[in-house]
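Engineer: What would the 3D arrangement of this be:
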Amino acid sequence: MAEPETVLLEDEVLRDGLQMESRIFSLAEKVKIFQLLQEAKVPRIQVGSFVHPKLVPQMADTDALVRQLISNSGVLLTGLVLNEQGLERALACGLSHVSMSVSASDTHSRKNARRPAEEALAAMTVLISQAKRANLKVRGGIQCAFGCVYEGRVGEEKVLAMAQAMASAGADEVNLADTAGVGHPQQVRFLVRKVRQEVPQVELSLHLHDTRGLGLANMFVGYEEGVRVFDVCAGGLGGCPFVKGAAGNVPAEDAVHMFGAMGVETGIDLAKLSKVVEELEFLLGRSLPGRMRRVLGAERVGI
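Structural biologist: This next block holds a predicted model:
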């Protein structure tokens, strides 16, 4: 019998999921969330970003969190790096994998990175090369790859050029991010196909926001086109502080269910993953948009 298909899901609730929350999570609370993700056998976890704490207070303890988790986690830890200072911090913490991203939208880049998109890309390719010389695995991310709420459509030729620049700088993986949640399945199919043709030598991954309810549909189309690495957030938390209304990543539990129903292995325990969502809902004091936690809860009580 043929081996079952597999996908790798990276959970980003500790970074993308929390960065929009006004309630500051303590180090102990983050450690508990990580431990629950670990128990659910999530293979790769983005635990934070190395940004200035005044800009994103929720990420102020990323260094301390990495140092506490890295020695005995058994999980691939990764962190978001946006500048040279962030890379230095990631190296000092002992990370072996980092994510580095810039925007394909000039307006979004100026709001998010405080520099034009072309300038940001040039700086990021230098940073990718530095990280590779330090023996790090690097994912290069392209924000707003499927469109921007400020500029509308982003030309695929620009995304292709960015992907090629990152691959040439040494990136091991290129991530296409629907930062504004504006992408649709036909667009995802077309762009994924084009990027895979342009940079076949690197792994391609997708970061999909569910802002307009198309996250899982876009994920499925990406899978059909050969993508095998996807970002998710437990409960469907997440968003970009510089894109109004762009909250909501694909819920990790819903992605695990979809792939499992299709016979595609994620290696993640769905029942244990729902415990992560329950903990987040308890800490935040509200229900989260993911569906499968509620489905499993209803099944437990026989509804």
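
Engineer: As a check, name the ranges of all strands in the stretch 101-250 of the chain.
Structural biologist: 137-143, 173-178, 203-208, 229-232 (DSSP state E, counting those that start in this stretch).

Engineer: In CSV: the ones you listed, plus mean neighbour count.
Structural biologist: Where you see a C-beta, it was placed from the backbone N, CA and C, and this is true even at glycine. Putting the strands of the stretch 101-250 of the chain into CSV (neighbours: other CB atoms under 10 Å) gives the following:
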stretch, mean neighbour count
strand 137-143, 25
strand 173-178, 25
strand 203-208, 23
strand 229-232, 26
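
Engineer: quick one, which of these is nearest to residue 108?
Structural biologist: strand 137-143 (6.6 Å; CB to CB).

Engineer: packing partners for that closest one?
Structural biologist: Applying 3 or more CB pairs under 8 Å, 6 or more residues apart in numbering; DSSP states H and E, one finds that strand 137-143 makes contact with strand 97-103, helix 106-112, helix 117-133, helix 156-169, strand 173-178.

Engineer: Determine which of those shows the lowest mean per-residue pLDDT.
Structural biologist: Among the helices and strands packed on strand 137-143, helix 106-112 carries the lowest mean pLDDT, at a mean of 83.

Engineer: Please name every helix or strand in contact with it.
Structural biologist: Against helix 106-112 (3+ CB pairs under 8 Å, 6+ apart) you get strand 97-103, helix 117-133, strand 137-143.

Engineer: how about residue 268, what does it touch?
Structural biologist: 9, 40, 41, 42, 43, 252, 256 (CB atoms under 8 Å, 6 or more residues apart in numbering).

Engineer: now that we have those residues, which one has the most neighbours?
Structural biologist: The most crowded member of the contacts of residue 268, judged by other CB atoms under 10 Å, is residue 252 (35 neighbours).

Engineer: Give the phi and psi angles for that one, as a check.
Structural biologist: phi -60, psi -40 (degrees, to the nearest 10).

Engineer: what separates it from residue 270, distance-wise?
Structural biologist: 9 Å (CB to CB, to the nearest Å).

Engineer: next one: residue 30
Structural biologist: For residue 30 relative to residue 270 (CB to CB), the value is 22 Å.

Engineer: These two: which is more packed in?
Structural biologist: Just comparing residue 30 and residue 270: by other CB under 10 Å the higher neighbour count belongs to residue 30, 22 against 18.

Engineer: quick check, that one in a strand?
Structural biologist: No - with DSSP: H, G, I helix; E, B strand; the rest coil as the criterion, residue 30 is helix rather than part of a strand.
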